[in-house]
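**Q** here is a sequence together with a model predicted from it:
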Amino acid sequence: MTDKYAVIGNPVKHSKSPEIHAAFATQTGEDIEYGRILGDMEDFAGDVRDFVKNGGKGLNVTLPFKEDAFELVDECSKRADHAGAVNTILVQDAGRLRGDNTDGIGLVRDLTQNHGFDLHGKRILLIGAGGASRGILLPLLERNPADRGGLSQARRLDLRHDVRRRTDRLREMGARAGRLESARRPRHARRAGGRILLSVARRASRNGARHQDAAPVKIHLLAVGTRMPGWVTNGFEEYAKRMPRECSVELKEIAPAHRSKSGNPEKYKADEAQRILAAVPKGAHPVALDERGKPWTTKELSQQLGNWMQLGQDVALIVGGPDGLDPSVMQQAQQTWSLSPLTLPHPMVRILLAEQLYRAWTILQGHPYHRE
């Protein structure tokens, strides 16, 4: 009987876990099925319950659900309990869930076995405050590094809100182990040659706070329609120009199909779909705007933006023409977003998107532009 496994995250289509596990199954002769689950930001527990109900045997958990998984499972390994984060869920008898955290042992094994790096007696500088940082702390300390380590809380990372709480927790964990102290200036990592291991764990938190050193991304707005009125262009540019270079917004207009009173809307959509798909940048994360998609609050959009930046992957937001998007575009989309239950003029959607993206960015930065 085929055992069913999956990786769950949001976003998740980028994950290579299915390919890795397929190769593992081929080499070991295991009969498994391994898929991807795009987790619901508001109902992670429900997604896990559905997976178990459908015969699932185990899950790998990726951002932003590692702490949700820790809260959900019935029991934990020592390292998961120490980290307060779970990246592996095993389904046991009677549906009980056991959580584990393999971030640390995976890192240590790669450093020591694959790269031949001896951690014993080495000074360790750990920069980061999320689940991944906490997951690697205990396995690193178990390798008997030097007594004096460092937890960086550098100003340039601009840690805020939930990240401050995470940093305090990480410091407490190190203090309990008796081997980690707070370091204000991580420049020592650059002066100490090979004696210091630098581990950077960047993440976007569930409630908006994030590190400012995430990889730059570009958001491509692909919108069907040309020759917009001046107020549309001016409105879009007003907000697009406020976005920082590391998260820029760029508009690409798609020529609409030529319509007539007796024409076929499906043909129009198919015609536009060819140009839309050709305009999606290679490697970008496609998001289709459609009334049947999932509605996001502004806070949820900021979480999505944080996740996209965490991945360092460009995003393509796709806005169709008067008749909507062709099924071929919907099939290629990795996410589907309903901007509003209202019927909006498509030119106005461009302005709304630009403003909401800027608002989402300000939430991530703790800027006063957005008020509850």
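**A** All right, it came through fine. From a predicted model like this one, the values you see are computed outputs, not experimental measurements.
**Q** ends of stretch 68-87, what's the gap?
**A** In stretch 68-87, first residue to last residue: 10 Å (CA to CA, to the nearest Å).
**Q** ok, residues contacting that stretch?
**A** Stretch 68-87 has contacts (CB atoms under 8 Å, 6 or more residues apart in numbering) with 44-45, 48, 59-62, 66-67, 89, 96-105, 130-132, 134-135, 137-139, 169, 173. Yep, even glycine has a C-beta here, placed from its N, CA and C like the rest.
**Q** restricted to buried residues, select those in ChimeraX.
**A** Here is the ChimeraX command that selects the buried residues among the contacts of stretch 68-87 (16 or more other CB atoms under 10 Å):
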select :44,48,59,60,61,62,66,67,89,97,98,99,100,101,102,103,104,105,130,131,132,134,135,137,138,139,173
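**Q** quick one: which of the contacts of stretch 68-87 sit in strands?
**A** 59-61, 89, 97-100 (DSSP state E).
**Q** same list, those residues, but as JSON lines with distance to Lys218 please.
**A** Listed next are the ones in strands among the contacts of stretch 68-87 as JSON lines, based on distance: CB to CB, whole Å:
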{"residue": "Leu59", "distance to Lys218": "32"}
{"residue": "Asn60", "distance to Lys218": "29"}
{"residue": "Val61", "distance to Lys218": "28"}
{"residue": "Ile89", "distance to Lys218": "34"}
{"residue": "Leu97", "distance to Lys218": "39"}
{"residue": "Arg98", "distance to Lys218": "41"}
{"residue": "Gly99", "distance to Lys218": "36"}
{"residue": "Asp100", "distance to Lys218": "37"}
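**Q** what pLDDT, on average, does stretch 320-340 get?
**A** For stretch 320-340, the mean pLDDT works out to 94.
**Q** just the CA trace of that stretch, in CSV.
**A** Presented in CSV, the C-alpha positions along stretch 320-340 are these (Å, rounded to 0.1, in the frame of the first residue of the first chain):
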residue,chain,number,x,y,z
GLY,A,320,-7.5,39.9,-16.8
GLY,A,321,-9.6,41.8,-19.3
PRO,A,322,-13.4,42.6,-19.3
ASP,A,323,-14.2,38.8,-19.6
GLY,A,324,-11.8,37.6,-16.9
LEU,A,325,-8.9,35.1,-17.2
ASP,A,326,-8.7,32.1,-19.4
PRO,A,327,-8.5,28.6,-17.7
SER,A,328,-5.0,28.2,-19.0
VAL,A,329,-3.9,31.2,-17.0
MET,A,330,-5.7,29.9,-13.9
GLN,A,331,-4.0,26.6,-14.2
GLN,A,332,-0.5,28.2,-14.2
ALA,A,333,-1.3,30.4,-11.2
GLN,A,334,0.2,29.3,-7.9
GLN,A,335,-2.2,31.4,-5.9
THR,A,336,-5.6,32.9,-6.7
TRP,A,337,-6.6,36.2,-5.0
SER,A,338,-10.0,37.9,-4.8
LEU,A,339,-9.3,41.5,-4.4
SER,A,340,-12.9,42.4,-3.5
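**Q** who's in contact with it?
**A** Outside stretch 320-340, the residues that reach it (CB under 8 Å, 6+ apart) are 11, 13, 38, 224-225, 254, 256-257, 259, 265-266, 268-270, 272-273, 276-277, 280, 285-296, 304, 317-318, 346, 349, 352-353.
**Q** now the helices for this protein?
**A** 17-28, 44-53, 66-72, 78-83, 103-109, 131-141, 161-177, 188-191, 230-240, 265-279, 298-311, 327-332, 346-365 (DSSP state H).
**Q** hmm, back to that, name only those of the contacts of stretch 320-340 that count as buried.
**A** 11, 224-225, 254, 256-257, 268-269, 272-273, 276-277, 280, 285-290, 293, 296, 304, 317-318, 346, 349, 353.
**Q** starting at the chain centroid, how far to stretch 260-273?
**A** 36 Å (CA atoms, centre = their mean, to the nearest Å).
**Q** got a list of contacts for it?
**A** So stretch 260-273 is contacted by 224, 254, 256-257, 259, 320-321, 323-326, 328-329 (CB under 8 Å, 6+ apart).
**Q** make it 6 Å
**A** Residues outside stretch 260-273 that contact it (CB atoms under 6 Å, 6 or more residues apart in numbering) are 224, 257, 259, 321, 323, 326, 328-329.
**Q** got it, and stretch 221-235?
**A** Looking at what lies outside stretch 221-235 - CB under 6 Å, 6+ apart - the contacts are 251-256, 272, 276, 279, 316-321, 346-347, 350-351.
**Q** output the helices of the chain as CSV; include the columns distance to Met1.
**A** Formatted as CSV, the helices of the chain follow (distance: least, CB to CB, whole Å):
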stretch, distance to Met1
helix 17-28, 14
helix 44-53, 16
helix 66-72, 26
helix 78-83, 28
helix 103-109, 29
helix 131-141, 32
helix 161-177, 41
helix 188-191, 50
helix 230-240, 53
helix 265-279, 39
helix 298-311, 35
helix 327-332, 31
helix 346-365, 45
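**Q** closest one to Val7 among those?
**A** Closest to Val7 of the helices of the chain is helix 17-28 (CB to CB; 4.1 Å).
**Q** which other helices and strands contact the closest one?
**A** Counting contacts by 3 or more CB pairs under 6 Å, 6 or more residues apart in numbering; DSSP states H and E, helix 17-28 packs against strand 32-38.
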